[in-house]
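1. pasted the sequence and its predicted model underneath.
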Amino acid sequence: MRKLLFILPIWLCLVIISPSYAHAIKIVVDAGHGGSDPGAIGINGLNEKDITLDIALKLQDQLVKRDYEVVLSRTDDRFISLQDRVDYTNKQSADLFISIHGNSYPSSQAKGTLVLYYDNQFPQSSYPASAQMESLTPISKAFAQQVLDAFINKLHTENQDIVPSSVYVVRNGTIPSVLIETAFLSNPEDAALLADPIVRSQMAEAIADGIQAFRPLPAKLAFTDINGHWAKDAILSLNEKGIVTGENHLYYPDRSLSRAELLTLLDRIHPFESLSEGYEKAVFSDLNEQHWAYPTFEKAIAAGYIRGYDDGSIKPDQAVSRGEAAALIDQFVEKTEPAPSTDGAAPQIDEGITDVPAAFTDVSADSWYAPAINHLRSLGILTGKTPDLFAPNKTITRAEIAALLDRWTDKNR
Ligand SMILES: [Zn+2]
């Protein structure tokens, strides 16, 4: 026994930091009874097996909607032995087990909700628990409490508390397990609740709330290809602001950015004016309505943010150079800067900028993008490749644009 006590806390730690929690959380939902076993028969004629299946299916919907992985021990009206339910659960490498039931009692006065779990403080020698369930007592107990609290909170049924129990399915498994007795089929008011499909939906929602409170999903990893990248924080921050998204959890930080992509990002930060009624369609040889960014281009062209080339093209998918990006972004930054005061007072000095750095040696003062680069740099939004070099003709990467837009949007907060 001494040895067991020594091992136990380490085992619990392993449960708590189990790597499976970094992935989807998998729940086994068990609809009580079924097939030749109707369970309790309600005072209103309801079969327990029917309401348990309905709540289980609704609970599955609720949990899947919340991004949990769910499996059901039965999805139709069939008999499954208790041992088969436990065997099935053990094969799932799931995280939690919950069995759905309706209660029954000889007196029709009894009503309310209770949640059963196995408790090693109340062992029953003729109903021994699995070694795992012995150790899992505190976890199953906390799980039971969360489910009960959420249920009472939503349904306002009578609180019959969490109850240590040696029923088969909460005693023989290998993962935290509970059994909810939703309401009493033998009580007229409770049976009326169970007969109402809307109330059964609320019950499923409440149970899902309890599961979520007990085992919230880890925050979704937005992108899997930015770990260790210098722009990781900026990319995540922009993602949180709803400005950048990736594809299949990939951001492609070192890819160049197209004109279409840049306009889309700017439209998310400062939505372009919508087209006026008499708007005349601009025609470019390489932009048609099938292009994914066509509506954004239309607005950007109408507002004068972007122009085509002399050959009649507008090159929506061409990579944007760093100089071009600066010039485009600066148009928006200027728009959002506070207007100069008109009451004759001296303009406010931004104390954050003590000395404006010398111009980049590779940005000639008479180039078309120089004013934009110098302006953005003076605001602390734009940085060079080095303190001296900006590389205006190099294409801008998705990481670089994220860093720039993150600094700008932080300034605007
Ligand atoms: Zn039952």
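-> Alright, I've got the coordinates.

2. how about whatever residue of the stretch 51-200 of the chain ends up closest to the ion: what's its closest non-neighbour residue?
-> Nearest residue of the stretch 51-200 of the chain to the ion: H101, at 3.5 Å (Cβ to the ion). To be clear about C-beta, it is placed using only N, CA and C from the backbone, and glycine gets the same treatment. Using Cβ to Cβ, 6 or more residues apart in numbering and skipping residues adjacent in sequence, the residue nearest H101 is G32, 4.1 Å away.

3. list the buried residues for the helix or strand encompassing P138?
-> Secondary structure assigned from DSSP states H and E places P138 in helix 137-155. Residues of helix 137-155 classed as buried by neighbour count (16 or more other Cβ atoms under 10 Å): 137, 139-152, 155.

4. before we move on, what about stretch 242-250?
-> By 16+ other Cβ under 10 Å, the buried positions in stretch 242-250 come out as I243, V244, G246.

5. pLDDT of it, averaged?
-> Mean per-residue pLDDT for stretch 242-250: 79.

6. quick one: end-to-end distance for it.
-> By Cα to Cα, to the nearest Å, the extent of stretch 242-250 from end to end equals 15 Å.

7. so V363, which state does it fall into?
-> What DSSP: H, G, I helix; E, B strand; the rest coil gives for V363 is coil.

8. so who does it touch?
-> G323, Y369, A370, I373, N374, F390, P392 (Cβ atoms under 8 Å, 6 or more residues apart in numbering).

9. reformat the residues you listed as a markdown table; add secondary structure and distance to Y252.
-> Shown next, in a markdown table, are the contacts of V363 (DSSP: H, G, I helix; E, B strand; the rest coil; distance: Cβ to Cβ, whole Å):
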| residue | secondary structure | distance to Y252 |
| --- | --- | --- |
| G323 | helix | 22 |
| Y369 | coil | 25 |
| A370 | helix | 30 |
| I373 | helix | 25 |
| N374 | helix | 30 |
| F390 | coil | 23 |
| P392 | coil | 23 |
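
10. filter the residues you listed down to the ones close to the ion.
-> Checked against the ion using Cβ under 5 Å from the ion, the contacts of V363 yield no neighbours at all.

11. would you mind listing which of the residues you listed are buried?
-> Looks like the contacts of V363 have G323, Y369, A370, I373, N374, F390, P392 buried, using 16+ other Cβ under 10 Å.

12. and of these, the nearest to G384?
-> F390 (4.4 Å; Cβ to Cβ).

13. quick one, helices of the chain?
-> All helices of the chain, identified by DSSP state H, fall at 2-16, 48-65, 82-90, 131-135, 137-155, 168-171, 188-195, 197-214, 232-240, 259-269, 294-302, 322-336, 370-378, 398-411.

14. now do the shortest one: distance to the chain's middle.
-> Between the mean C-alpha point of helix 168-171 and the mean C-alpha point of its chain there is a distance of 32 Å (Cα atoms, centre = their mean, to the nearest Å).

15. buried ones in stretch 386-403?
-> Residues 390-392, 394-403 are the ones in stretch 386-403 that count as buried (16+ other Cβ under 10 Å).

16. quick one: end-to-end distance for it.
-> End-to-end span of stretch 386-403 (Cα to Cα): 15 Å.

17. run through who's touching stretch 366-379.
-> Identification of contacts with stretch 366-379 by Cβ under 8 Å, 6+ apart yields 323-324, 326-327, 329-331, 333-334, 353, 356-357, 359-360, 363-364, 382-384, 390, 392, 404, 411.

18. again, only this time at 7 Å
-> The contact list for stretch 366-379, computed with Cβ atoms under 7 Å, 6 or more residues apart in numbering, reads 323-324, 326-327, 329-330, 333, 353, 356-357, 359-360, 363-364, 382, 390, 392.

19. tell me the average confidence for it?
-> 92.

20. isn't T361 right up against T386?
-> No - T361 lies out of contact with T386 (Cβ atoms under 7 Å); the separation is 9.6 Å.

21. which parts of the stretch 1-150 of the chain sit against the ion?
-> Residues of the stretch 1-150 of the chain lying near the ion (Cβ under 5 Å from the ion): G32, G39, H101.

22. tell me how many other residues crowd the second one.
-> It stands for G39. 21 (other Cβ atoms under 10 Å).

23. residues contacting the closest residue to it other than its chain neighbours?
-> Closest residue to G39 apart from its sequence neighbours, by Cβ to Cβ, 6+ apart: E48 at 2.9 Å. E48 makes contact with G32, H33, P38, G39, A40, H101, G102, L185, according to Cβ under 7 Å, 6+ apart.

24. out of these, which are buried?
-> Using 16+ other Cβ under 10 Å, the buried ones in the contacts of E48 are G32, H33, G39, A40, H101, G102, L185.

25. ok, back up a step: winner for burial among the helices of the chain?
-> With neighbours defined as mean count of other Cβ atoms under 10 Å, these peak in mean count at helix 168-171, which reaches a mean of 23.

26. name the helices or strands packed onto it?
-> helix 82-90, strand 177-184 (3 or more Cβ pairs under 7 Å, 6 or more residues apart in numbering; DSSP states H and E).

27. turn these into TSV, including mean pLDDT.
-> Below are the helices and strands packed on helix 168-171 laid out as TSV (pLDDT from 0 to 100):
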stretch	mean pLDDT
helix 82-90	96
strand 177-184	98
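
28. what bridges to the residue of the stretch 51-200 of the chain closest to the ion?
-> For H101, the beta-bridge partners are E181 (DSSP bridges).

29. residue contacts, it?
-> Residues in contact with H101 (Cβ under 7 Å, 6+ apart) are G32, E48, T52, L179, I180, E181, T182.
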